[in-house]
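Student: Quick one: sequence and predicted model below, then my questions.
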Amino acid sequence: MSSTASGKTSGANSTWRNWGGNVAARPVRQVAPVSVEELAEAVRRAREDGLPVKAVGTGHSFTSIAATDGVLIRPQLLTGIRNIDRDSMTVTVEAGTPLKRLNAALAREGLSLTNMGDIMEQTVSGATSTGTHGTGRDSASIAAQIKGLELVTADGSVLSCSATENPEVFAAARLGLGALGIVTAITFAVEPLFLLTAREEPMPLDRVLAEFDQLWAENEHFEFYWFPHTGNTNTKRNNRSAGPEQPVGQLAGWFEDEFLSNGLFQVTQWVGRAAPASIPGIAKISSRVLSARTYTDIPYKVFTSPRRVRFVEMEYAVPRAALVETLRELKAMVERSGLRISFPVEVRTAPADDITLSTASGRDSAYIAVHMYRGTPYQSYFTAAERIFTAHEGRPHWGKVHTRDAEYFARVYPRFAEFTALRDSLDPDRLFRNDYLRRVLGP
């Protein structure tokens, strides 16, 4: 391990692996710059050496979107808040900052993002570049909350963009897949810290599907988990509250979020992997273990939760109007297939946004996420699910398992050609190339 003046460069061919354990890569070198200037120099040097460049956050993508055999940029030293502007209600943050650290820092300042995903282990640049989202009737993905971006482009220059500065880059780079440059800082819209009341309760799947439009319309944030092999779901409704703050008690929180949702769930996954025939019985018990609860807390403590059981995931966005039909088809497929599915199916929504390759670009969307325990064969389940999703013009999450290619995306994204033309302009020599981008965007 050799050091530059401040950052670190590793010349050894050490193997990088993602969180899910299904992607590995051996870059020629790994660089952890401590400044934008150092990152730009690493990009210029890679270009001179004829090596492709990719940046990676915490590896929470299940695709090979960050994999490279060239230069791997690790932004973990590019962290922290650069600036808080209370007049414009924005915060500018370094790209390698974990969402967990950002959320806690904002809360200390009496501020919050409007919406967020259900985990906060990712870096802000990794989360936004792949389209991380939560659920919301009116509030969209994390990328949709971006007001400005700074990125290092293929020639090593630093480019700033916003709705008024380089707007064509801004339209695409908020969710850029790492194809347009390496994001070094993000400016997010924020608002005064608020409270959310969460209401979690079991509900029969038939009722959820029959009343879905009403449940969606009546709640700012609605989501549910369906347990395959059962007719049961667990629903979650989050709505703004005047208070008072009533967080989950420490013991109750440990029991439900750690013991049941992680510890006991881990054991059931081990049992299910060893004895697949036991899964339907386990699912019927698991789907009834969590009881109804209501609590009120600051946003990130309501939106996010710990995920310690490792898995592999596929998630597709379908038109929101097609959700009920799509989910009924998925349930029928599982019932007739003989598959044994030990992980619940997660369902969320997002309003249409104006980001070129956002999964909600130009259309109100519903997300259906299917998971399998890490180490369990997932191909048969995911292939069958993907066939259903694509029949509804589904758009796969860029950071989760899928088999779609540029030809497919050109059909389901009206602005796909706009993105690829911008890529041709910013990176004509494909410095930021890898096999994944070649498949999803074309050569």
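Tutor: Everything's here; your move. Numbering: from 1, shown residues only.
Student: The spatially most central residue of the chain - nearest residue in space that isn't next to it in sequence?
Tutor: The centroid of the chain falls nearest to T132 when counting by C-alpha atoms, centre = their mean (2.8 Å). Spatial nearest neighbour of T132, excluding adjacent residues (C-beta to C-beta, 6 or more residues apart in numbering): G117 at 4.6 Å. (Each C-beta comes from the backbone N, C-alpha and C, glycine too.)
Student: E418 too?
Tutor: Spatial nearest neighbour of E418, excluding adjacent residues (C-beta to C-beta, 6+ apart): T356 at 5.7 Å.
Student: Confirm that that neighbour sits in a helix.
Tutor: No: checked against DSSP: H, G, I helix; E, B strand; the rest coil, T356 lies outside a helix; its state is coil.
Student: Wait, the residue nearest to T132 touches S305, no?
Tutor: No: when contacts are counted by C-beta atoms under 8 Å, G117 is not listed as touching S305 (10.4 Å).
Student: more neighbours, these two?
Tutor: A count of neighbours by other C-beta atoms under 10 Å puts G117 above the other of G117 and S305, at 20 against 16.
Student: contacting residues around that one?
Tutor: Residues near G117 by C-beta atoms under 8 Å, 6 or more residues apart in numbering: 99, 127, 132-134, 142, 303-304.
Student: hmm, try it at 6 Å
Tutor: Residues near G117 by C-beta atoms under 6 Å, 6 or more residues apart in numbering: 132-134.
Student: just checking, it is part of a helix?
Tutor: No: G117 is assigned coil when assessed by three-state DSSP, not a helix.
Student: so how far is N103 from it?
Tutor: 11 Å (C-beta to C-beta, to the nearest Å).
Student: likewise G272?
Tutor: Counting by C-beta to C-beta, the gap from G272 to N103 is 33 Å.
Student: wouldn't the residue nearest to the centre of the chain be in contact with A143 here?
Tutor: No: in this structure T132 lies outside contact range of A143 using C-beta atoms under 6 Å: 7.7 Å.
Student: can you list the weak-confidence ranges in this protein?
Tutor: 1-13, 251-262, 264 (pLDDT under 70).
Student: go with 90
Tutor: 1-14, 19-21, 243, 248-292, 305-311, 374-375 (pLDDT under 90).
Student: ok so, going back, so the residue nearest to the centre of the chain sits in a strand?
Tutor: No: counting by three-state DSSP, T132 is not found in a strand; it is coil.
Student: Please enumerate the strands of the stretch 101-250 of the chain.
Tutor: 111-112, 146-152, 158-162, 182-189, 191-192, 195-204, 221-226, 232-241 (DSSP state E, counting those that start in this stretch).
Student: which helices and strands does the second one pack with?
Tutor: Okay, so that is strand 146-152. Helices and strands touching strand 146-152, by 3 or more C-beta pairs under 6 Å, 6 or more residues apart in numbering; DSSP states H and E, are helix 36-49, strand 158-162, strand 182-189.
Student: Please identify the most buried of the ones you listed.
Tutor: strand 182-189 (a mean of 24; mean count of other C-beta atoms under 10 Å).
Student: circling back: when G272 and N103 are compared, which one has more neighbours?
Tutor: Using other C-beta under 10 Å, the more surrounded residue of G272 and N103 is G272, with 24 against 21.
Student: wait, is that one part of a helix?
Tutor: Yes: counting by three-state DSSP, G272 is found in a helix.
Student: Let me see the contact set for it.
Tutor: 279, 342 are the contacts of G272 under C-beta under 6 Å, 6+ apart.
Student: For V31, which three-state class applies?
Tutor: strand.
Student: Which residues does it form beta bridges with?
Tutor: Following DSSP bridges, V31 is listed with bridge partners T9, I73.
Student: Now do it: how many residues are near it, please.
Tutor: For V31, using other C-beta under 10 Å, the count is 24.
Student: I figured it was touching A42, is that so?
Tutor: Yes: in this structure V31 lies within contact range of A42 using C-beta under 6 Å: 4.6 Å.
Student: Show me which parts of stretch 16-31 are buried, residue by residue.
Tutor: Residues of stretch 16-31 classed as buried: 16, 18-20, 22-23, 25, 27-31 (neighbour count, 16 or more other C-beta atoms under 10 Å).
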